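Enquirer: Structure, please.
(chains A, B, C and D, ligands or ions: 2)
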Amino acid sequence: MTFRVAVHVLPRRGILDPQGKAVCGALHSLGFAQVADVHVGRHIVIETTAESAAAASASVTAMCHKLLANPVTEDFSIASVEST
Amino acid sequence: MTFRVAVHVLPRRGILDPQGKAVCGALHSLGFAQVADVHVGRHIVIETTAESAAAASASVTAMCHKLLANPVTEDFSIASVEST
Amino acid sequence: MTATPRQGDPVISPALVAEHGLTPAEFDKLVAMLGRQPTFTELGIISALWSEHCSYKHSRAVLRTLPTEAPWVLQGPGENAGVISIGDGLAVAFKIESHNHPSAIEPYQGAATGVGGILRDVFTMGARPIAMLNSLRFGSLESPRVRYLVGGVVKGIGDYGNCIGVPTVAGDIMFDAAYDGNPLVNAMCVGILREEDLIRAKAEGVGNPVIAVGARTGRDGIHGASFASEDLSHDSDAKRPRVQVGDPFTEKLLLEATLEMIASGNVVAVQDMGAAGLTSSSAEMAERGDVGVVIDTLKVPVREQGMTPYEILLSESQERMLVVAHKGREEAVRAILAKWDLHAEVIGEVIAEPVYRVVEGDHVVAEFPGTRLVTDCPMYTPEAKEGAAVIALRARDVHAIPPKAEERDLAWTLTRLLSSPTIASKQWVYRQYDSTVRTSTVLGPGAADAAVLRIRGTTRGLAVKTDCNGRYVYLEPRVGGRIAVAEAARNVACTGARPRAITNCLNFGNPKKPDVFWQFKEAVGGMGEACVALDTPVTGGNVSLYNENPHGAIYPTPTIGMVGVLDDVAHATGMAFKAAGHPIVLLGEPTAELGASEYLSWIHGVVAGAPPACDLTRERALIDAIVEAIQGGYVNSAHDCSEGGIAVALSECCIADTLAPIGATVSLSPWDALPDRALFFGEAQGRIIATASDLPALLAVAAKHGVPAQVIGSTSPAASGLVITGAGRELRASLEELAYAYHGALERALSRAVSSELPVAEVTA
Amino acid sequence: MKVGIVQFPGSNCDEDAWFAVVDQLHEQAVMLWHKDHDLQGADVIVLPGGFSHGDYLRAGAIARFSPIMQQVAAHAERGGVVIGICNGFQIACEAQLLPGALLRNNVGYRSLSVTIRVERTDSPMTAAAPIGACLTMPIAHGEGRFTMSEAELDRLEGDGQVLFRYVNADGQPTPDANPNGSMRNIAGICNAGRNVVGLMPHPERAMEPLLGSSDGRVLFESLLVAANA
Ligand SMILES: Nc1ncnc2c1ncn2[C@@H]1O[C@H](COP(=O)(O)OP(=O)(O)O)[C@@H](O)[C@H]1O
Ligand SMILES: [Mg+2]
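Expert: Ligands and ions are numbered 1, 2, ... in the order given. Okay, here's the model as predicted:
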C-alpha cells in the first residue's frame, strides 16, 4: 500500500528562533499587528509504501530519528498519515 | 480571542524541489528504499488574536498571500486553527 | 522523411503563430524553409530559436562592428564564452549574461539561475570557474517592491555562488527610477584553463552520440527565451510558472563531472542547455559543426509523466548539459558521471544528412532542412533616430541650477552623496557573497577598484570588474558607451593590471522604437571605439532587449565586464590610503563638467546635461601610466574618480579600510577658476587619485606618458579628517561622519526590506 | 604528519585545505573520497568547508552518512585527530563527534573577516598558539550559530572545551563582535577527548600575507606540534 506521511519539525522551545522572530517582525510591519508570535519549522511530506498506516508511521518516525530532525535542537511529530 | 494557526507551504508541483530530491536520495542511501518521493516545505505556526476562528484563518490567508508563501513557486494551505 | 503532427497538437492558426511571437513574414519564411506547414513542435522550436534572445535578429548587424581580435584572443564571440591567453600556457574564459526578466518576476530564483547559467557557459569551455561578478540595476529604494527585489536578487546570487564554491569578488550596482519595474541582473563568470584544454561546443563526427547529462527535464521555464524577448507588462505576472528553480548542488556535480569528462578526452563538445533548452543547445552545436543531428524525445530523462516533445524541447529546467561524445566511449562518459551521482542518457546522434530532426520513437515530429537553423533567422535593421526629449535634456545648462541652501556647507553635500545608494559602500551586498573561497582573492570587493585574483603557479594576477553608467549612455549614448569601457579599464588598471579584453551585456529597451535603436547603435559604436583605443577586444557577450514597461524603457545599459592581467600580483594595489604622510597625486585634470552627474541626480533630482567628455587617447595614456607606475612599485594606493567626483573619491580612499581609516589634506587651488560644484563633484573622466611611495618616479612615469600629474596634498592621521580647499571654498569633514554616511547607507535604506524578504528567501536551505 | 582531506561531492574548501597543508606547511596530504572506506594512513583528518551534499535540510545532516564517515568516527574513537572547518564543523556536530548544533545565523549568510581569541592551548589545533592570541581570518557561512542548552554549555565551558571566541578589536567577546549569534560568542570547540576540533572560521584562507592574513598558520602549525608531541 502507498501512503503520504506528513512530518512537522520545529525548533525546540527555548531555542532562539530568529527566523520566526523575523517573520513576526515582518508581519507587524505589514500591518498584521494582531500577531503575537511566529514559529517556523519544516513540513516534510514522504510518499512511501508500507504494510499498514501504523507501519508507515513507524518507518517515518525512524527516518526522523536518523535524519529528518536534529535531536539537539528540534522536535518532530507525525502530522498525518494518508493512504494514497 | 487567541488562536494558533498552522500553515503548510510546499513547493508547487512541477517546480523543481531540490531539497526534496536530496532528502529522498539520502533516505534511499540510509536503506529506506520504500520511499518514493519527498517534498520539503515550511510549517509555520502563527499565534494571533482574532474575533473568531474564521477570522483568524482569513487573516492568516492574507499573510500567506502577502509574505509567508512565494506565489510564484509555492502553494500554501491552512493546516489547522486552534483556539488557545 | 517528413514531420507530421502528433495526435492532440493544436491547429496552426494565425493566433497561435502570433502567440509564439512570430510575425506573419517570419511565419512565411518558416513555411518557405520547410516547403510545407510546420507542425506544432516545429513552430515551438522556431519560436525559441528565432526569439531575440537566441537569434540576435535586431542586434547582430550592429554587433558585427565591434573589434574582436588581438594576438591574445583565443576565442572570440560565438562560443559559450570568450577565451584569452594570459601567458605561461594559461588562458582565461569569461562571459557575462543577463537574467533580467526572470529576476523581475522571481528575484531569488531568477538571479540564482542566472549565476548557474553563466557558470555553465564557462566550464563547458573546459575552464574551472575562479570568480563571479554581478552588475545590478534597481529602481528607487523608496519602493517596497524594489527593496524586495534587491533582497531576493542578492540572496539568490549569494546562495548559488557560495554553494558552488566560486568566490563572488566584484561587481557594480546603481539605483535609479529608470529601472523601476525593470531591474537588471547581469552575472559574469571567469574561469581558468590550460590553453590545450580549450574545447568548443561544435558537434562533429558522424555517428557520435548526443548525450543529455545532469538534471531531468521538467515543465519549468517553457518558453523562457521568447519570454525574455517581450516587454514586461502587467500580465507578466500570469507567466509565473515559467520561472525555473536552481539547484546549485547539482551544478557543482555537473561542474566537476564536466571538467573530468573534458580532461578524459572522451567528449567532442559540451554545451549548456540554457535558454530554449535542448532546442537551442542541439541546434547551435549542429550549426557550429555544420552537421545534421537527430534527437529522440522519448529518450530524454523527464521529471514528469506525459511530457510532449514540444515541452521537452523547450523546457528550461536548470543544471542540464548536452554532450557529444566519441562513438564507443559512452560507457566511459557514464562512469565519470556516475562517480558524481549524475545520469547520462544517449538521446540522439550526429548525422551526415544536413537536417535537424526530432523524433518521438518512430514518429518524426520536427524536421528542418539545412544546418543553419539559428542564423537563417530573418535579420532586421530597425529605424534609428534620437529622441527629441533627450536632445533637450542634454542641451540644458546645468550650471544654472541654483544650489540648495544647505550646500553652503560642502560637507553636507558630500555626506549626502556618500549615502546615495549608488555611491555608498556595497558592503551589505558583498557580505552575503563568499569572496575568499579558493584562496586566491588578493583584493576582494570593496578593497580596490577591481578585484584581483592570483594565478596559482605563476607570479601573475587577474583583475576583473564590471561597469556602466546608464545615465551617461541615456544622455549621450556614444559617449556613454565609450565611458563604460574606459571606466572598466581604468578600474582594472588602478590595481596594476593591463586591461586585456571585455565581455559585454547590452541591456536596452524595445529595439523597434527608433529612439531605443538609436541608443543601441550609438552606444555599441562608442564601445567599439573605446575597445580599439584601449586594445581590449570584445570576446563575447549577451543582448537583453525589451527591458521596458508601460512607463518606459530603462536607461540604455551596455554593461562591460573587463579582464586585465597583472604581471606581478605582489604589486596589486588597493584604493585605501595606507598611512599618514604619503603624497597624494592627481593624474588627469578636473574640468567644468557637471552634466549627467550623481550630484545633480541625487541632490537636485535632475538628470540632464551632457555627460563628461571621454578622450580615448588620454584614457589610454592614463592607463599606460598607472600600470607602469604600479608595476614599477611607485604607488601605495590608486582609485579613479567616478560618480560623485573628486570629493567622493578622496573620501573613499580615506575610509575604505574600515579598521584603519586615514585622513587627507588636499588643495585643488590650481583649478580655482572652475565652478566649485564641478570641481568638487563633477565627474570629469580620466582621473586617478594615487598616493606615491616614490614620488619622483611616479611623476616621471606620468610625464613620459604625457599624463598631467599634480601633487594635491598628503595623507594625514585619521583624527585630522578630510580637508579639501579649492575654488575659494573649503570642505572639512571628520572621518566618522563620512564613514557613517558611506558604510551604513545601503543597509539603512534596505532595513525594512530585509525582513519582508525573509520567508521567500528561506525557500532553499 | 599526513593529513587526509575528506571530499564530499559538494566540498569546496578541500583544495584550500590541501594548499594550506602541502604548499604552506610542506606536509603530506591525501584526498579521501567520501564513498571510500580507507583513510590511507592519515594521522589527521580534515573535514573541509563547502556544502557537502547541498546542505539541504540541515548543513552536514546528509554528509554524516557518507561511507567514509564510519572510518572517520572510528579514527576519532581511537583518539585520532579530526578537524572540522565550517561545513566540516557542521558535519562533525551532526555526526555527534562534537556536541551542540550549528543553526542558521541570526542575520543570514555572512562573509567577512573576523577576529577570534584562542581560549585554550590544550588541543591539537591550538597547541602552538598562545592563550589570548587574537587571530584574524575569514568566515563565510549561513549556519554557524553554535547552540546547546545552557546547562550543557556550562559543562562545556567548565571542561575547557571552548577553544575560540569571536572578539572585537580589543579582544573582548562583545555582541558586536559576534557575526552569527553563536551562544557566548563561540567560534570553535573540541570534544571531551580533545582530539576532535570544530571551528567556523577558515584558517586555511589565512595562510599568506598576499591574501591579507597569515594568522591561520599557527593553527595548522599546532597540528604539527600535536603530531610530534
Ligand atoms: N554587486 C556587487 N558585488 C560584489 N562587489 C561589488 C558589487 N557592487 C560593487 N562591488 C564592489 O564595491 C567596490 C566599489 O564598486 P563601484 O562603486 O562600482 O566602484 P567604481 O565606482 O570605482 O566602479 C568595488 O570593489 C566593487 O567590486
Ligand atoms: Mg573606480
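
Enquirer: residue in the stretch 501-650 of chain C nearest to ligand 2?
Expert: In the stretch 501-650 of chain C, the residue that lies nearest ligand 2 is C:Asp640 (4.3 Å; C-beta to the ion). To be clear about C-beta, it is placed using only N, CA and C from the backbone, and glycine gets the same treatment.

Enquirer: need the contact list for that residue.
Expert: Taking C-beta atoms under 8 Å, 6 or more residues apart in numbering or on different chains, we find C:Asp640 in contact with C:Asp449, C:Glu487, C:Arg490, C:Asn491, C:Cys494, C:Ala649, C:Arg687, C:Ile688, C:Ile689.

Enquirer: and which of the residues you listed is nearest C:Ser435?
Expert: C:Asp449 (15.4 Å; C-beta to C-beta).

Enquirer: if I read this right, that closest one contacts C:Lys465, doesn't it?
Expert: Yes: using C-beta atoms under 8 Å, C:Asp449 is in contact with C:Lys465, at 6.7 Å.

Enquirer: Narrow the contacts of C:Asp640 to those in helices?
Expert: C:Glu487, C:Arg490, C:Asn491, C:Ala649 (DSSP state H).

Enquirer: neighbour count winner among C:Asp449 and C:Lys465?
Expert: Taking C:Asp449 and C:Lys465 together and counting by other C-beta atoms under 10 Å in any protein chain shown, C:Lys465 has the greater number of neighbours (31 against 28).

Enquirer: What's the local residue count around the nearest residue to D:Ile186 once chain neighbours are set aside?
Expert: Nearest non-adjacent residue to D:Ile186, counting by C-beta to C-beta, 6 or more residues apart in numbering or on different chains: D:Phe146, 4.4 Å away. For D:Phe146, the neighbour count with other C-beta under 10 Å is 28.

Enquirer: C:Ser667 now?
Expert: 16.

Enquirer: Let me know the pLDDT of the residue of the stretch 151-300 of chain C found nearest ligand 1.
Expert: Closest to ligand 1 within the stretch 151-300 of chain C is C:Gly171: 2.7 Å, counting by C-beta to the nearest ligand atom. Per-residue pLDDT puts C:Gly171 at 98.

Enquirer: In terms of helices and strands, where is the nearest residue to it once chain neighbours are set aside?
Expert: Excluding the flanking residues, the one nearest C:Gly171 by C-beta to C-beta, 6+ apart is C:Asn134, at 4.2 Å. Taking DSSP states H and E as the criterion, C:Asn134 maps to strand C:128-138.

Enquirer: so who does residue 32 touch?
Expert: Using chain A. The neighbours of A:Phe32, taking C-beta under 8 Å, 6+ apart as the test, are B:Thr48, B:Ser59, B:Ala62, B:Met63.

Enquirer: that's the other chain; I wanted chain D
Expert: D:Leu32 touches D:Gly4, D:Ile5, D:Val6, D:Gln7, D:Asp38, D:Leu39, D:Gln40, D:Ala42, D:Ile45, D:Ile68, counting by C-beta under 8 Å, 6+ apart.

Enquirer: Make sure I have this right: it is in a strand.
Expert: Yes: assessed by DSSP: H, G, I helix; E, B strand; the rest coil, D:Leu32 belongs to a strand.

Enquirer: Count the neighbours of C:Glu529 for me.
Expert: Neighbour number of C:Glu529 under other C-beta under 10 Å is 18.

Enquirer: what helix or strand is it on?
Expert: Per DSSP H and E: helix C:514-534 holds C:Glu529.

Enquirer: just checking, what packs against that helix?
Expert: Applying 3 or more C-beta pairs under 8 Å, 6 or more residues apart in numbering or on different chains; DSSP states H and E, one finds that helix C:514-534 makes contact with helix C:60-63, helix C:470-475, helix C:477-493, strand C:498-507, strand C:538-544, strand C:557-566, helix C:616-632.

Enquirer: Ok, which of the ones you listed comes nearest C:Pro354?
Expert: Here helix C:60-63 is closest among the helices and strands packed on helix C:514-534 (C-beta to C-beta), at 22.4 Å.

Enquirer: so how far is that closest one off the chain centroid?
Expert: 19 Å (C-alpha atoms, centre = their mean, to the nearest Å).

Enquirer: Strand partners (parallel or antiparallel) of the helix or strand following that helix?
Expert: Per DSSP H and E, the first helix or strand lying C-terminal to helix C:60-63 is strand C:73-75. When pairs are called by DSSP bridges, strand C:73-75 turns out to pair with strand C:82-87 (antiparallel).

Enquirer: Tell me if I am right that C:Gly246 is in a helix.
Expert: No: counting by three-state DSSP, C:Gly246 falls outside a helix, being coil.

Enquirer: ok, how many other residues are close to it?
Expert: For C:Gly246, using other C-beta under 10 Å, the count is 26.

Enquirer: In contact with it: list those residues for me.
Expert: B:Pro18, C:Gln109, C:Ala112, C:Thr113, C:Val115, C:Gly116, C:Gly156, C:Tyr160, C:Gln318, C:Glu319.

Enquirer: for chain A, what are the nearby residues on chain D?
Expert: Taking C-beta under 8 Å from any C-beta of the partner chain, the part of chain D that reaches chain A is made up of D:57-58, D:61-62, D:65, D:93-94, D:99-101, D:103-107, D:145, D:147-149, D:181.

Enquirer: Buried ones only from these, please, as a ChimeraX command.
Expert: ChimeraX command restricting the residues of chain D next to chain A to the buried ones, with burial defined by 16 or more other C-beta atoms under 10 Å in any protein chain shown:
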select /D:57,58,61,62,65,93,94,99,100,101,103,104,105,106,107,145,147,148,181
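
Enquirer: Chain B next: which of the residues of chain D next to chain A are close?
Expert: Applying C-beta under 8 Å from any C-beta to the residues of chain D next to chain A, those adjacent to chain B are D:Leu57, D:Ala61, D:Ile62, D:Phe65.

Enquirer: Need these in TSV (columns: secondary structure and distance to D:Met125).
Expert: Output for these, formatted as TSV (DSSP: H, G, I helix; E, B strand; the rest coil; distance: C-beta to C-beta, whole Å):
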residue	secondary structure	distance to D:Met125
D:Leu57	coil	28
D:Ala61	coil	24
D:Ile62	coil	26
D:Phe65	helix	26
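
Enquirer: between those residues, which is nearest ligand 1?
Expert: D:Leu57 (28.9 Å).

Enquirer: and the closest one, what is it in contact with?
Expert: A:Arg42, A:Leu67, A:Leu68, B:Gln19, B:Ala22, B:Val23, B:Ala26, B:Val40, C:Ala765.

Enquirer: now with 10 Å?
Expert: A:9, A:42, A:44, A:67-70, B:19-20, B:22-23, B:26, B:38, B:40, C:765, D:94 (C-beta atoms under 10 Å, 6 or more residues apart in numbering or on different chains).

Enquirer: so which pair among these is furthest apart in space?
Expert: Every pair of those checked by C-beta to C-beta; the farthest is B:Gly20 and D:Glu94, at 19.4 Å.

Enquirer: Confirm that A:Val72 sits in a strand.
Expert: No: the assignment for A:Val72, made by three-state DSSP, is coil rather than a strand.

Enquirer: Next, it: phi, psi?
Expert: phi -80, psi -30 (degrees, to the nearest 10).
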